[in-house]
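Enquirer: How does the following fold in three dimensions:
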Amino acid sequence: MPDSPSETRHLLGAWRGGDRTALSALLERDLPWIKQHVRRRLGTALRQRMDSEDVVQEAVVEFLRHGPPFVLSDQDQFRRLAAHVVRNVLGHQYERFTAQRRELQRERPLPSEDLLDLDAPGHSPSQVAHRNEREACVRLGLELLELEDREALLLREWEHLSFAEIGSRLKITEDAARMRFNRAVRRLATKVRQLRSGRLEESLDD
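Expert: As a prediction, the model looks like this:
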């Protein structure tokens, strides 16, 4: 008999299936670890913000609601993935970060029934599913990028700004903006390859 799904996989699948109690169970189980992990890696100013607002829970809930739909069985990987997203949110303007994610989901929604399985390489049975899987990997790869790489990609590819405009927005030169974007494209491509081949651990370790 095959092993039954892990608790993490069961809860993520149930949440994606519409079970709101599954989200509460995930938060109750993993939020204390995520908060402690993030707090150890933040500077003093961001720690104060973290202590004064419940932004950690908000960031995790926003990611699970509006990020790419996924399932995985490894609790440690889920915690580290959520902690990485929280660190990015805290290091950025929270409202802008979440607005960018929601805008992506509105403009290019992913079918809720197509779950990105992070336990193993994907085997999409159709061209549509293949495209959905790749899009979900790109969305998740964006979440795993460092902030400056993520920002450069979104400004160029989703806001369609010129490199001069990106430079002005980021307070860097036009050439520096072009270099940052090109670097971000390479890093995102690496993340997508890792995710599509079932190597989430490598992506989290980068």
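
Enquirer: OK, contacts around residue 6?
Expert: Counting by Cβ atoms under 8 Å, 6 or more residues apart in numbering, residue 6 touches 73-75. C-betas here are computed from N, CA, C, even on glycine.

Enquirer: Repeat the analysis, applying 6 Å as the threshold.
Expert: Counting by Cβ atoms under 6 Å, 6 or more residues apart in numbering, residue 6 touches residue 73.

Enquirer: Repeat that for residue 56.
Expert: Counting by Cβ under 6 Å, 6+ apart, residue 56 touches 35, 86.

Enquirer: how many other residues sit next to residue 118?
Expert: By other Cβ atoms under 10 Å, 26 other residues sit near residue 118.

Enquirer: before we move on, what about residue 61?
Expert: For residue 61, the neighbour count with other Cβ under 10 Å is 14.

Enquirer: ok, now how distant is it from residue 24?
Expert: Distance, residue 61 to residue 24, by Cβ to Cβ, to the nearest Å: 10 Å.

Enquirer: go on, residue 83?
Expert: For residue 83, the distance to residue 24 - Cβ to Cβ - is 19 Å.

Enquirer: higher neighbour count, those two?
Expert: Between residue 83 and residue 24, residue 83 has the larger neighbour count (other Cβ under 10 Å), namely 23 against 12.

Enquirer: Kindly confirm whether my reading is correct that that one touches residue 37.
Expert: Yes. Residue 83 lies in contact with residue 37 (Cβ atoms under 6 Å); the separation is 4.7 Å.

Enquirer: Does the residue sitting nearest the centre point of the chain lie in a helix or a strand, and which?
Expert: In the chain, the residue lying closest to the centroid (Cα atoms, centre = their mean) is residue 143, at 3.0 Å. Residue 143 belongs to helix 127-144 when elements are defined using DSSP states H and E.

Enquirer: following that helix, which helix or strand comes up?
Expert: helix 147-157.
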